[in-house]
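1. sequence first, then the predicted structure:
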Amino acid sequence: MEQLVLKPISRVQGEVSIPGSKSLSNRILLLAALAEGTTTITNLLDSDDVRYMLKALKELGVQYQLSENNTVCKMTGLAGPLGSGQTLTMFLGNAGTAMRPLTAALCLGEGEYTLTGEPRMYERPIGDLVSCLTEAGASIEYLGEKNYPPLKISGSGLSGGEVRIRGDISSQFLTAMLMAAPLAKDRTLITIDGELVSKPYIDITLSVMKRFGVDVQNNDYQSFVIDGGQTYQAPGEIMVEGDASSASYFLAAAAIGGKLRVHGTGNASVQGDARFAEVLEQMGAKVTWSDNWIEVEKSVLKGVDVDLNHIPDAAMTIATTALFAEGQTAIRNIYNWRVKETDRLSAMATELRKVGAEVEEGEDYIVINPPERVLSASIDTYDDHRMAMCFSLAAFGGSPITINDPGCTSKTFPTYFQIFEELFE
Ligand SMILES: O=C(O)C1=C[C@@H](OP(=O)(O)O)[C@@H](O)[C@H](O)C1
Ligand SMILES: C=C(OP(=O)(O)O)C(=O)O
């Protein structure tokens, strides 16, 4: 296994631009593929998750040209459902933003589609989405364990109608239903069962749908109404914002040990994770906001007790930032950390203890008491990009930190450690 030894960092200073958002890239690609007309996507993220979406769309007959560095994509949409009656198997890695939305989109047309992925994908639930699609007229078979991928979809169109979907495991189920619904035969009314998690991701979905000409009636995130029989319209050119979750590592680094201006996300950002900087502010960091950059400056950090259900990805960065805060930090209402790239509650607790923190792991929360001195440790990353990126911050503790399998950042941020080493002294 590859290992990266990070020398102790004393200071960080400067400016950095963040690559495009994974959440926006994969939504825009899918809607551009379904749309009528040509979309030029700029600042597209070049990472594993986006590559899986691009490859699947190509296999489904969508035509596009990518620039040499894969960040500009000119795509001509199909002006309707994907596929033309083929029988295809598509491998989607561990990309939730490809697996969930494609499952719904492939129900819209004709054909037999098998969706496979990495072993961890087969442990990430999808049953609530499959049940909802089935209510809307789809035919989907589990090829392995019930409620989990791999899946076989026999596409024959969605009828729409009144459906219910569970909201408390992953917002991606609702995102998938919302994006497919305009192409259903009739109007769809989606009612949410339970508390809707990760709500800001629904705002991303609704805003991208709007850019492609589709309005959704949002009844206070309890129910959604989408007219059927519509065609998405290509918006011409669309730029992907910088990834706000990726920005969190640099913003936190500045809060711990320096000053950084991070370009690509800010006040005007549609991504909920831009609000991560508010948590740093609450911890005591000095934060300056503009529409498309955020600057953070070190200050004395204090532990916080926060519900971070709305920003589950960036919330992980608070867990390692807590190593450098005075007093205890509690992060609450984050049950769905357990069904992501790994069981993140358990992984985070285990690795924080290695660097000397005292940690309480609850079913849906984590409480962190920082050590007097961060210990040198060999950090396991569980094939989870965010574990690798979060624990790079531990190198501010004065001891070397070894990151096992640093290449796992390729899921969303392949150049992370390159930028890290250029920026951090
Ligand atoms: O819709 C999206 O783009 C995402 C939604 C979130 O997942 P959950 O809704 O499962 O929390 C987030 O963790 C994931 O990285 C991306
Ligand atoms: C949960 C994540 O990914 P996915 O899109 O696969 O759900 C993530 O990027 O932290």
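-> That came in fine, so what should we check first? Ligands and ions are numbered 1, 2, ... in the order given.
2. ranges for the helices of the stretch 151-300 of the chain?
-> 171-180, 200-211, 244-257, 276-283 (DSSP state H, counting those that start in this stretch).
3. deepest of those helices, which one?
-> When you average the neighbours per residue for each of the helices of the stretch 151-300 of the chain (mean count of other CB atoms under 10 Å), helix 244-257 leads with a mean of 28. Yep, even glycine has a C-beta here, placed from its N, CA and C like the rest.
4. I'd like the mean pLDDT over it, please.
-> Averaged across helix 244-257, pLDDT comes to 98.
5. orientation of that helix relative to helix 200-211 in degrees?
-> Interaxial angle, helix 244-257 versus helix 200-211 (axes from the mean of the first three to the mean of the last three CA atoms, to 10 degrees): 130 degrees.
6. ok, back up a step: need the helices of the stretch 151-300 of the chain in JSON lines (columns: distance to Thr89).
-> Output for the helices of the stretch 151-300 of the chain, formatted as JSON lines (distance: least, CB to CB, whole Å):
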{"stretch": "helix 171-180", "distance to Thr89": "20"}
{"stretch": "helix 200-211", "distance to Thr89": "27"}
{"stretch": "helix 244-257", "distance to Thr89": "30"}
{"stretch": "helix 276-283", "distance to Thr89": "38"}
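7. and of the ones you listed, who's closest to Phe420?
-> Nearest to Phe420 among the helices of the stretch 151-300 of the chain is helix 244-257 (7.9 Å), distances taken as CB to CB.
8. phi, psi of Leu133?
-> Dihedral pair for Leu133: phi -60, psi -40, per degrees, to the nearest 10.
9. ok, the nearest residue to it once chain neighbours are set aside - contacts?
-> Among residues not flanking Leu133 along the chain, Cys107 sits closest, at 5.5 Å (CB to CB, 6 or more residues apart in numbering). Counting by CB atoms under 8 Å, 6 or more residues apart in numbering, Cys107 touches Leu133, Ala136, Gly137, Ala138, Ser139, Ile140, Ile153, Gly155, Ser156, Gly157, Leu158, Ala180.
10. cutoff 10 Å now
-> For Cys107, the contact set (CB atoms under 10 Å, 6 or more residues apart in numbering) comprises 81, 113, 130, 133-134, 136-140, 153-158, 176, 180, 183-184.
11. how about Arg120?
-> Contact analysis of Arg120 by CB under 10 Å, 6+ apart lists Gly93, Asn94, Lys340, Glu341, Thr342, Tyr382, Asp383, Asp384.
12. thinking again about what came up before, in strands, which of the contacts of Cys107 fall?
-> Tyr113, Ile140, Ile153, Ser154, Gly155, Ser156 (DSSP state E).
13. closest one of those residues to Ala315?
-> Ile140 (31.4 Å).
14. show me what contacts that closest one?
-> Taking CB under 10 Å, 6+ apart, one finds 103-104, 106-107, 113, 115, 126, 129-131, 133-134, 151-155 in contact with Ile140.
15. what's the answer for Arg338, then?
-> By CB under 10 Å, 6+ apart, the residues touching Arg338 are Ile169, Arg344, Leu345, Ser346, Ala347, Glu363, Asp364.
16. can you list the residues of the protein near ligand 2?
-> Proximity of the chain to ligand 2, by CB under 6 Å from any ligand atom, involves residues Asn94, Ala95, Gly96, Thr97, Asp313, Lys340, Glu341, Arg386, Thr412.
17. in strands only, show me the residues you listed.
-> Reading strands off the residues of the chain next to ligand 2, I find no matches (DSSP E).
18. most neighbours among these, which one is it?
-> Arg386 (33 neighbours; other CB atoms under 10 Å).
19. ok, that residue touching Ile318?
-> No. Using CB atoms under 10 Å, Arg386 is not in contact with Ile318, being 11.8 Å away.
20. can you list residues touching both of these two?
-> Ser248.
21. SS state for Ile41?
-> strand (DSSP: H, G, I helix; E, B strand; the rest coil).
22. quick check: it touching Cys73?
-> Yes. Ile41 lies in contact with Cys73 (CB under 10 Å); the separation is 4.5 Å.
23. intersection of neighbour lists for the two?
-> Common contacts of Ile41 and Cys73, defined by CB under 10 Å, 6+ apart, comprise Ser25, Ile28, Leu29, Ala32, Tyr64, Leu66, Val240.
24. pull the CA atoms of the host helix or strand of the first one into PDB?
-> Spelled out, it's Ser25. Taking DSSP states H and E as the criterion, Ser25 maps to helix 22-34. Extracted in PDB, the C-alpha atoms of helix 22-34 (Å, rounded to 0.1, in the frame of the first residue of the first chain):
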ATOM      1  CA  LYS A  22     -18.700  16.900  -7.700                       C
ATOM      2  CA  SER A  23     -22.300  17.400  -6.900                       C
ATOM      3  CA  LEU A  24     -22.800  20.000  -9.500                       C
ATOM      4  CA  SER A  25     -20.700  18.200 -12.200                       C
ATOM      5  CA  ASN A  26     -22.700  15.000 -12.100                       C
ATOM      6  CA  ARG A  27     -26.100  16.700 -11.900                       C
ATOM      7  CA  ILE A  28     -25.200  19.000 -14.800                       C
ATOM      8  CA  LEU A  29     -23.800  16.100 -16.900                       C
ATOM      9  CA  LEU A  30     -27.000  14.100 -16.500                       C
ATOM     10  CA  LEU A  31     -29.300  16.900 -17.300                       C
ATOM     11  CA  ALA A  32     -27.200  18.000 -20.200                       C
ATOM     12  CA  ALA A  33     -27.500  14.400 -21.500                       C
ATOM     13  CA  LEU A  34     -31.300  14.400 -21.200                       C
END
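25. can you classify the residue sitting furthest away from the middle of the chain by secondary structure?
-> In terms of distance from the mean C-alpha position of the chain, Glu372 ranks first, at 33.1 Å (CA atoms, centre = their mean). Three-state call for Glu372 (three-state DSSP): coil.
26. and Val16, what does it touch?
-> 242, 246-247, 249-251, 253-254, 260-264, 293, 419-420, 422-423 are the contacts of Val16 under CB under 10 Å, 6+ apart.
27. which of the ones in strands among the contacts of Cys107 are close to ligand 1?
-> Counting by CB under 6 Å from any ligand atom, nothing from the ones in strands among the contacts of Cys107 sits close to ligand 1.
28. just these now: which is nearest Asn309?
-> Nearest member of these to Asn309, counting by CB to CB, is Ile140, at 28.4 Å.
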